[in-house]
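1. Got a sequence here, can you build the structure:
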Amino acid sequence: MFGTRGVPYHYGFDCGTALLDTVLDEVAGGPVLFVVDRAVLRRHAQPVIDRLRRKVPVHPFVVEAVEQQKRLSLVETLSEYAVERGFDRGGTVVAMGGGLVANIAGLAAALLYRGVRLIHLPTTPIAAFDAVLSLKQAVNLAAGKNLAGAYFQPALIACDLTWLTTIPPREMLTGVAEMAKNVLAVVPDERGRFVTAVAQLDTRPAAALQALWRIGFTAKKPLLARDPHERREALVFEYGHTVGHALEFMSGGVMGHGEAVAWGMLVAAEVSTMLGYLDEAGTEAHYEVVGPLRLPAPTTALDWVDPAALRARLATDNKRGYLAGGAGDVPMVLLQAPGTTVTGPGGLPLTLVPDKMILAALDRVRARDGWAA
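-> All right, here's what the predicted structure looks like:
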């Protein structure tokens with residue numbers, strides 16, 4: 001899946017026992033550094049830890065999965081903890097939790113002894129359908145989000161989709177925003193499947209979650225096979241993330257990643273329209289796809305945003321440097337139509353946008369009424 005190198009992804013519904021057999025085969029008797037989100041420790045992780053301990057030494061490391069913790073200092077603490085307990089080159093880092101835990105553990109696995117085995121056990125929609133389907137492992141710096149990291153390939157991904165059904169309903173809805181992104185930017189033909197799946201999350205969770213998993217895999221597999229480091233055509237997966245990452249970082253984690261990306265996509269759609277790339281139908285498609293995620297009203301969600309602070313965060317976006325621009329120019333993924341990106345210099349799906357235009361587009365989203373929950 002990543003270039004010419006495949007990664008097994010075992011998933012299903014209510015299949016935890018079978019998945020653990022696969023994990024045990026992969027760890028091969030070495031010590032396990034088990035990095036886990038405190039929110040899933042008792043309900044989901046403890047049985048996994050207990051089962052692993054029958055076969056291998058396990059060293060649990062509990063993470064408070066809040067954005068302020070996503071720093072190099074936590075990666076260092078985690079690495080010191082591992083080495084102090086005899087973790088060696090034959091060990092395996094197992095990450096169980098959401099995207100933040102996956103990134104912290106993934107970066108530690110990349111750095112410990114210059115690389116040890118990594119297994120992802122995602123327990124949130126963002127992690128299961130998006131974050132673990134990437135080589136990118138990153139943490140935040142004081143200047144912005146995901147500015148320090150590495151590319152590192154997991155040995156195994158395994159997910160019992162039942163784990164996802166226990167998160168709060170609102171987090172579930174905003175957590176599938178990355179699948180909304182895939183529908184809008186990559187696989188527009190999956191729109192019907194997405195809308196149906198979101199509507200069925202309460203009544204038919206098994207079918208809904210498997211459909212959402214399929215959307216994530218379908219969107220990512222062909223692009224990551226050709227561009228595993230997401231530096232060329234796979235930059236399309238940054239759609240909505242320019243403003244989304246800035247909002248998430250500025251909020252100090254109060255605004256979750258999914259909600260931030262959803263707002264970021266709407267801003268990107270408005271920018272695309274203002275520049276004459278995206279027509280009215282394409283813009284309306286964004287509000288229709290994002291609508292079922294039940295975002296708060298824009299006046300509630302966005303009125304706290306300080307324009308100067310937003311411009312400062314946009315200036316440190318992790319896509320800067322792909323294109324040569326001036327002060328205030330921000331590289332963004334924009335759309336000509338759902339599933340069709342605007343191609344910039346060098347064939348990259350990036351366009352330089354003045355930060356003043358981004359602020360104006362944000363105002364257009366703020367002024368939009370009658371579609372949000």
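2. Go ahead and confirm residue 20 touches residue 49.
-> No - between residue 20 and residue 49 there is no contact under C-beta atoms under 8 Å: 10.5 Å. C-beta: built from backbone N, CA, C; applies to glycine.
3. residues shared between the contacts of the two?
-> Here residue 20 and residue 49 share no contacting residue, scored by C-beta atoms under 8 Å, 6 or more residues apart in numbering.
4. ok, the nearest residue to residue 253 once chain neighbours are set aside - contacts?
-> Once flanking residues are discounted, residue 253 sits nearest to residue 67: 3.1 Å by C-beta to C-beta, 6 or more residues apart in numbering. Residues in contact with residue 67 (C-beta under 8 Å, 6+ apart) are 100, 140, 248-249, 252-253.
5. which ones are touching residue 61?
-> With contacts defined as C-beta under 8 Å, 6+ apart, the neighbours of residue 61 are 33-36, 78, 81-82.
6. if we go to 7 Å?
-> Applying C-beta atoms under 7 Å, 6 or more residues apart in numbering, we find residue 61 in contact with 33-35, 78, 81.
7. cool, residue 91 as well?
-> 30-33, 116.
8. Between those residues, which sits nearest residue 204?
-> residue 32 (34.8 Å; C-beta to C-beta).
9. If I follow the layout properly, that closest one ends up in contact with residue 52?
-> Yes - with contact defined as C-beta atoms under 7 Å, residue 32 reaches residue 52; the gap is 5.8 Å.
10. give me phi/psi at the closest residue to residue 124 other than its chain neighbours?
-> Nearest residue to residue 124, sequence neighbours excluded (C-beta to C-beta, 6+ apart): residue 98, at 3.8 Å. Backbone geometry at residue 98, expressed as degrees, to the nearest 10, gives phi -90, psi -160.
11. Verify the stated contact: residue 98 with residue 38.
-> No - counting by C-beta under 7 Å, residue 98 stays clear of residue 38, with 11.4 Å between them.
12. Neighbour count for the two, which is higher?
-> In this view residue 98 and residue 38 are compared by other C-beta atoms under 10 Å, and residue 98 has more residues nearby, 26 against 14.
13. What separation do you get for the more buried one and residue 63?
-> Distance of residue 98 to residue 63, given as C-beta to C-beta, to the nearest Å: 10 Å.
14. Show me the common contact partners of those two, please.
-> By C-beta under 7 Å, 6+ apart, residue 98 and residue 63 have these common neighbours: residue 37.
15. which residue ends up closest to the midpoint of the protein in space?
-> Geometric centre of the chain, nearest residue: residue 131, 4.0 Å, by C-alpha atoms, centre = their mean.
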